[in-house]
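Enquirer: below is the sequence, then the predicted model.
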Amino acid sequence: MGFLMAGVITARFGLWMFDLTVTQLLQEWVEKSVIGIVSGVQGSLQMLCSIIPPILGIIFSGPQDFDILAIVSVCFVCAAGLVYTAFYASVRDSGRMDKGEHNNALRKVILNEEESGSDEEDNE
């Protein structure tokens, strides 16, 4: 019983740390003018992904199918780790880790803006 409780506590701690990381990234990397759009899309994707486990649990409901659910779970966790690592590597390698520069770079990605000779801040 102790191992089960330790596993649950460890998993909840990891989830809590992930939640804090997402919140920090949103606060640091997204401009105030588009934070509502980004937060809405992020929340929608999070809710969409949160209904996948119950659906898979209904489809693979037999005890003999538990290994399929475990493998799918590990694959999703590994995929999330790879996506975040790729994001971090692309940002780190491009030199956009300085505060301020990442807001403009992320805004161009989110709003699908084209590279132009001057930014909005330069025009004001």
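Expert: Arrived safely. Numbering: from 1, shown residues only.

Enquirer: okay, and for this structure, where does confidence drop off?
Expert: Scanning the chain for pLDDT under 70 picks out 94-124.

Enquirer: for residue 26, give its distance to residue 90.
Expert: 18 Å (Cβ to Cβ, to the nearest Å). Heads up, the C-betas are built off the backbone N, CA and C, glycines and all.

Enquirer: between those two, who's got more neighbours?
Expert: Comparing residue 26 with residue 90 by other Cβ atoms under 10 Å, the one with more neighbours is residue 26, at 13 against 10.

Enquirer: contacts for the host helix or strand of residue 56, please.
Expert: Taking DSSP states H and E as the definition, one finds residue 56 inside helix 52-59. For helix 52-59, the surrounding residues in contact (Cβ atoms under 8 Å, 6 or more residues apart in numbering) are 69, 72-73, 76.

Enquirer: rerun at 10 Å
Expert: Under the criterion Cβ atoms under 10 Å, 6 or more residues apart in numbering, residues 65-66, 68-69, 72-73, 76 lie in contact with helix 52-59.

Enquirer: can you put those residues in TSV and add distance to residue 49?
Expert: Output for the contacts of helix 52-59, formatted as TSV (distance: Cβ to Cβ, whole Å):
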residue	distance to residue 49
65	21
66	21
68	18
69	15
72	12
73	12
76	8
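
Enquirer: out of those residues, which sit inside helices?
Expert: 66, 68-69, 72-73, 76 (DSSP state H).

Enquirer: out of the contacts of helix 52-59, which one sits closest to residue 45?
Expert: Of all these, residue 76 has the smallest distance to residue 45: 13.1 Å, by Cβ to Cβ.

Enquirer: isn't the closest one up against residue 50?
Expert: No - using Cβ atoms under 10 Å, residue 76 makes no contact with residue 50, being 11.5 Å away.

Enquirer: of the two, who's got more company?
Expert: Just comparing residue 76 and residue 50: by other Cβ under 10 Å the higher neighbour count belongs to residue 76, 14 against 9.
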